[in-house]
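S.K.: Sharing a model that was predicted from the sequence below.
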Amino acid sequence: MAVLEVKHLSIQFGGLRAVDDFNLEVDHNELVGLIGPNGAGKTTIFNLLTGVYLPTEGSIHLNNVSTVGKRPSDIVLLGSSRTFQNIRLFKNMTVQDNIKVAYHNRMDYNIFSSIFKTKKYKIEEARANEIARELLEVFDLLEFEQHLAKNLPYGKQRKLEIARALATNPQILLLDEPAAGMNPQETEELMATIKLIKNQFNVSILLIEHDMKLVMGICERIVVIDYGKIIAKGQPKAIRENKNVIKAYLGE
Amino acid sequence: MLKVTNLHVHYGVIHAIKGVNFEVNEGDIVTLIGSNGAGKTTILKAISQLIDKSDGDITFLDKSLSQYKPHEVVRIGVSHVPEGRHVFPGLTVLENLEMGAYYRNDKVAIKQDLQKVFVRFPRLEERKHQVAGTLSGGEQQMLAIGRALMNHPKILLLDEPSMGLAPILVKEIFNIIQEINQSGTTILLVEQNANQALQISDKAYVLETGQITLSGLSKELLNNDKVKAAYLSA
Amino acid sequence: GSNDNTVRLGVIGPLTGEYSLYGVAVENGAKLAAKEINAAGGILDKDVEVIAYDSKGDSTEGVNAYNRLRDQDEIHALIGGTFSGVTLAIKDLAVQDNIPVLTPTATNPDVTLDAANVFRACYTDSYQGSTAAVFAADELDVTNAAVMYNRDDPYSEGLADAFMAEFDARSLDYTAFEFGAQDDDYSALLTNIQSGGYDAVFLPAYVAEVGAVLTQADAQGLDVPFIGGDGWDGIEADYASVADGFYFVNHYAKTDEAAVVQDFVANYTEEYGEAPNALAALAYDAVYAMAEAMENAGSLDPDDITAALSALEFTNAVTGSIKFDANGDPIKSITIIQVVDGLHEVYAKVAATEE
Amino acid sequence: MKLKLTQLKNTLLDPRFINYTIIVTIFLTMFLLIQTNAVNRYIYNLLIMVLIMIVMSTSLNIATGFLGELVLGHAGFMGIGAYTAAILGIALRPYIATDLLLFGASATGAMILAGIAGLLVGTPALRLRGDYLGIMTLGFGEIVRNLITNLSSITNGAQGLSGIPRIMTFSIAFWTTVMIVTIIFLFMNSRHGRAILSIREDEIASESVGINITRYKLLAFVLASMFAGIGGAMFAFKDGFLAPNSFNFLKSVEIFVIVVLGGMGSLSGSIISSIVLVFLPEYLRDFNQYRYLLYSSVLIIIMLYRPQGLMGTKEFDFTKIKAKLTTLVTTIKKRLKKGRE
Amino acid sequence: MELFIRQLINGLNTGSIYALVAIGYTMVYGIIKLINFAHGEIMMFGAYFAFLLAFTLSFNLPFLLVIVLSMSFAAILGVLIERVAYKKLRQAPRISALITAIGMSLFLQHLAQLIFGSTPYVMKPLIDTTPVVLFNFAIPKLTLLTIGLSILFMLLLSFFVLKTKPGKAMRAVSQDKEAAILMGINVDNVISMTFAIGSALGALGGIFYAMTYSQIYPTMGVLPGLKAFIAAVFGGIGSIGGAMLGGYLIGIIETMTKAYISSKWVDVIVFGLLIVILLFKPSGILGKNTKEKV
Ligand SMILES: Nc1ncnc2c1ncn2[C@@H]1O[C@H](COP(=O)(O)OP(=O)(O)OP(=O)(O)O)[C@@H](O)[C@H]1O
Ligand SMILES: Nc1ncnc2c1ncn2[C@@H]1O[C@H](COP(=O)(O)OP(=O)(O)OP(=O)(O)O)[C@@H](O)[C@H]1O
Ligand SMILES: [Mg+2]
Ligand SMILES: [Mg+2]
């Protein structure tokens, strides 16, 4: 069953058609790579999927619910969650609070509970702390729990951003260049982490990345776009050998 | 040409650079590799006087750089492509490139250099009148490099130029770096992509938590086991 | 500090900010009087000290200043608040604390109401406003007046209201034109006044505003007589040419030959480098009146001072002799002045009446 | 027996217990000082003013410090609260004899009306960002002040409204303030507070993890204005006299300055800076015309040398002092030891 | 109708002064994103300078020289303020800088009160004021001159910012200071230059304000300063044309409200309109709505 279903998606910026008739289905617990040259429209597709931009044409369905026209925060509630090409953490909040903000909608107590510190408040907060701890454990961040996010090294910030996205309990995770700025060793670790979360959290993942080792190494299926249009689809191996892809993207 | 001796930099109480020494000879490509937070960016910023060092000396063509104000460093031939691109988001691509030649007055030569940049990066010519803030990440990186070239630098400091670029462009960028170098510009290159960087450079230094732990000819480092393990995954 | 060798008088007024002009005048007038009194031997053989605090024209600041005067400085009597608003905010406290108050300049009727120990040296708004209206109707034959007043200033509004009430009583026509304390541009109002064909403009406001209005009226070629209140005092200093021929009601005339007036004007000008205005004169008189009441009382006991103030007949005042009615309002004569060639000419004198 | 002792020790060292104890101690000390006349009425009045400014600044801190929006019209909400409370207070006085009840009833009215105003302004205003929002709130504040002046049949206009029962005692003011600060503190430490903080940090990211940013911005705005309404009520009952000018742009700026000077997002910062900025001008009275020259210089100098404000975003925590003292003592001990060797 | 046109002329006059002040405001805001609350005080000092030069010297300075000298003094004052109070805070949160701006504004007001006292100085017009008759309407020369100057400066500055090198440097600095340094731009100088231009224009506005309304006093800059800033926001802050448009709009709305409704509703109407405009055009009439790209 498709978690994400995109049909004939297009967006126009003035004279530029940044995404042009884009179609995609992502199945449950599938890991799909989205690659393409710089400026091909990958990030723009993410922005369309998450409600940051309104498509000029086309439809997007998450679990059979249309998301077009919904605000980003509501789309999160429908089960998608993302990271950003330029890391966007809550820099002056602790690592723990970064996760707990994302866990917000899954907590259930109202303002009065927080002012009177009711039992419900305590139980829910304790549960949130527990969840945060579990997530941080997975990402090896537990020791930084009380650090401010801005004080983490870059690689850890990337991981925290993924952890935060997971805390919303998504069915599909959209990762925008998670390995950017990492050295090969760190990238390798990241690959392992991505595989792990896919299995442990049972999510689908759509991933943008320029690091071919990562993309080819873990993606089950790859979609290649150029100038907003799909130029190839298929298994990593086939993509690696596709002439068009080599010409537009991989190089000799 | 560029010589860094006993450099120390502090951010408040954080001692980010702890006594770094290295040298860049004229005509060379020198690579600085090291993991995240090792202090690579900090060193480049110290060279272009964007941040104050707490001790040590940096000389360029035998003159101490600390006698220059930050904006004057560019004028004596040091161009810096900063990490994170730092294009002017509200200016068009063309205006960004023109800013690169800000202190120059030779209109004709500027025109020619502009043409050269467009030849090197056709995408920039396509997007000439788009405001830089809406460019894609890779496009912005091209713009940042193109803009620095408009300076006609003697030495080019590049901070992770391949970050976020498509594979074909990464190759392209490293080719361009070599080309720029061959046309007479010395290059100090900071990279995560150690493999490629070491292949095109002459000398290299490995930086770990603010200190240089290894140095040598790039070819040798490529075969160094430690480097292989840490920075060049098989 | 409770230094018992001095008589301490508090002054509260806007010493900084946009209204500082008025507070500073009051402070200066009061301090000049104190200086002269000390030179002549003080009050009850003690030196007089005037302690002036800033209210910024704000009632909260005024209350703070009052509390400080009462608790820190332990004043014997209060000269002020300068503005009605601040004075009203302080009044209840002063009644409760039984501190004798003689405000030189707060003209709002409520200031002295139900407050045995609160007096004032100036006329009330209504007295001045209706006198001006009577003058306009009887002497200048005005049948259709423009009333231009500052709605943010209780003084200005109070005079305007009284003026209009008198016109209503006589079934004469008028139109009100309000402006705000922070306005500098009166051209829109003046243009309307010009095209409305009025016989005269009643402009109860202080010099700074009056000067600006008259200058702009002049620039626009508005050719109607203006009438004002005691806030006009001092208009001749900077605006003689644009105010020439206009009238205002006042406490006294600077050209008055009386020695007390001439000495005051001369001493003030020497001390502060500028001519005094009505506020300065009133503050000067208030300090003298208070001094005399204290001498009469023979003690600094608040009840004695209040009693002495009630019985006071202070004749040697710059702004006309002062005698208080049952409320604590002065029964004073009123002078109507015409500005002629930069001088005050007494146009008419209206004898004191018990309101 | 032993168990009971440890239990007692635990309660005594419980941070909450310590904080409560300290608040009560402060109150009792002040109360004693007042009862014994060691604090004269001048200071007494200033203390109440400090408490009012604490309410105003901590409430503004919700919108400015925690939410991160520039708000230059907070005095407007204060004005709405003050006039509402004053009018209610005058009307209800014959029916309610107890001061506390009268204040409670009027302050509730003030809070509700100010909150409604917050909702009315907030809804459209939150479509704007940064300085534009600041200007819009400034405009709102000025509109409120003008309305108060112009609706003179209710407010007595520029003449000012007098005859308001003067019922604001130190005790009422103190406990009202403690209550409000506590509520704000607890609120900020809940999931709702975190959501608001995250909007300040990064609006886009906040939305991307499912925070309904419009709703939370509005909530912050409305809460800030509700508490400002209570602050206004305290103010109305303090001097018994209200004039529209007390709620002008400069007052908004004054509150805003307190928040920034104390540290945006720090409640204890707001408290400290309320104390400083209420007393400072009073102590400068002796300098007369130099008073505001000095005052403004102090502002500039503090900002130049502590741009993050006196407290930054940190909270002053009594319980942490103990830890700090312990480390201090141990380091001193160590030094001494070293010295001996 | 005749009355209406005369009121329109009144409005244009006020508006052109707001426009002059607003242009300076918008430039300073554009470069360091700081609401320079002290701009109104620079306006006030500019007027005092002109007064001193015109009326206290033993010889007569020509009008143009008085203006140019006062503008220069104000420019120096503006640069000084930036160096003393704002420069150190460039990396700090913008709101901190806002507080120093507020502090600076208070400081200058009270400094002026200390130096010049609180009694207003009377400023006589420095030029011949006989009205010019156009289509049967007498228009004060001062009005014509102010309108002309505001348009002239708008055109000059627009050209300067868009087409000249220093102008482009200004835009670069406003967008990314660090990158600007790397281009060889002396950021300090560019910022100083902006303050100098903005302050000089503020002073010009102050002088015309004082001549039109005849008075100079320490707090005279507060309200026109605020109005000018609102004008800049109205038109779209950062946009020079917008500042001018906003200035004229506010001037005309104010005058028309005073003339046809009541002066007591002026602020309510001006601010109300401001709010309405911001709701439909969140970045002002001519402002560009730039959304952050993620
Ligand atoms: N808001 C916008 N206005 C105008 N053009 C835009 C906007 N957003 C994106 N674009 C253009 O759309 C194209 C696609 O941009 P996008 O950021 O999606 O690229 P990308 O595939 O993510 O590239 P990269 O790998 O370099 O990040 C680019 O040419 C970009 O300039
Ligand atoms: N502005 C700053 N304030 C405080 N610490 C800083 C600042 N900038 C950098 N640091 C710290 O200095 C150290 C060196 O940082 P630097 O950015 O130079 O590393 P880098 O080698 O360039 O890393 P990367 O590969 O992530 O770009 C890091 O520990 C970093 O956290
Ligand atoms: Mg992208
Ligand atoms: Mg770096």
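M.R.: Here it is on my side, so go on. These numbers come from a predicted model, not from an experiment. Ligands and ions are numbered 1, 2, ... in the order given.
S.K.: Poorly predicted segments of the stretch 151-294 of chain E, please.
M.R.: E:289-294 (pLDDT under 70).
S.K.: residues in contact with whichever residue of it sits closest to ligand 4?
M.R.: For the stretch 151-294 of chain E and ligand 4, the shortest gap (CB to the ion) falls at residue E:178, measuring 13.8 Å. Glycine gets a C-beta too; all of them are placed from N, C-alpha and C. Applying CB atoms under 8 Å, 6 or more residues apart in numbering or on different chains, one finds that residue E:178 lies in contact with B:50, B:82, B:86.
S.K.: so what's the closest residue to the second one other than its chain neighbours scoring on pLDDT?
M.R.: On the basis of CB to CB, 6 or more residues apart in numbering or on different chains, the spatially nearest residue to residue B:82 that is not a chain neighbour turns out to be residue B:159, at 5.7 Å. Among the per-residue scores, residue B:159 holds a pLDDT of 93.
S.K.: So what does residue A:204 have for phi and psi?
M.R.: Per-residue torsions, residue A:204: phi -90, psi 150 (degrees, to the nearest 10).
S.K.: can you check the one 3 residues further on too?
M.R.: For residue A:207, the backbone dihedrals are phi -130, psi 130 (criterion: degrees, to the nearest 10).
S.K.: Likewise for residue C:140?
M.R.: In terms of degrees, to the nearest 10, the main-chain angles of residue C:140 are phi -100, psi 0.
S.K.: For it, give its distance to chain B.
M.R.: Residue C:140 sits 65 Å away from chain B, taking CB to the nearest CB, to the nearest Å as the criterion.
S.K.: And for the closest residue to that residue other than its chain neighbours, the neighbour number?
M.R.: Computed as CB to CB, 6+ apart, the closest residue to residue C:140 that is not its neighbour in sequence is residue C:200, at 5.9 Å. When neighbours are counted by other CB atoms under 10 Å in any protein chain shown, residue C:200 registers 22.
S.K.: ditto for residue D:304
M.R.: Residue D:304, neighbours per other CB under 10 Å, totals 19.
S.K.: Wait, it touches residue E:90, no?
M.R.: No. With contact defined as CB atoms under 8 Å, residue D:304 does not reach residue E:90; the gap is 11.7 Å.
S.K.: So which residues of chain B form strands?
M.R.: B:2-11, B:14-24, B:29-33, B:55-60, B:63-64, B:78-81, B:155-159, B:186-191, B:203-208, B:211-217 (DSSP state E).
S.K.: Is the helix or strand harbouring the residue of the stretch 151-294 of chain E closest to ligand 4 positioned near ligand 2?
M.R.: Using DSSP states H and E, residue E:178 falls within helix E:177-182. No. Counting by CB under 6 Å from any ligand atom, ligand 2 has no neighbours in helix E:177-182; the shortest distance is 11.5 Å.
S.K.: Name the residues of that helix that are buried.
M.R.: E:177, E:179-182 (16 or more other CB atoms under 10 Å in any protein chain shown).
S.K.: now for the worst-scoring helix or strand of chain A on mean pLDDT, which elements pack on it?
M.R.: For chain A, counting by mean pLDDT, DSSP states H and E, helix A:111-116 ranks last in confidence among helices and strands (a mean of 83). Counting contacts by 3 or more CB pairs under 8 Å, 6 or more residues apart in numbering or on different chains; DSSP states H and E, helix A:111-116 is packed against helix A:119-138, helix D:170-188, helix D:191-201.
S.K.: and those helices as JSON lines, adding distance to ligand 3 and mean neighbour count?
M.R.: Output for the helices and strands packed on helix A:111-116, formatted as JSON lines (distance: least, CB to the ion, whole Å; neighbours: other CB atoms under 10 Å in any protein chain shown):
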{"stretch": "helix A:119-138", "distance to ligand 3": "26", "mean neighbour count": "16"}
{"stretch": "helix D:170-188", "distance to ligand 3": "35", "mean neighbour count": "19"}
{"stretch": "helix D:191-201", "distance to ligand 3": "22", "mean neighbour count": "24"}
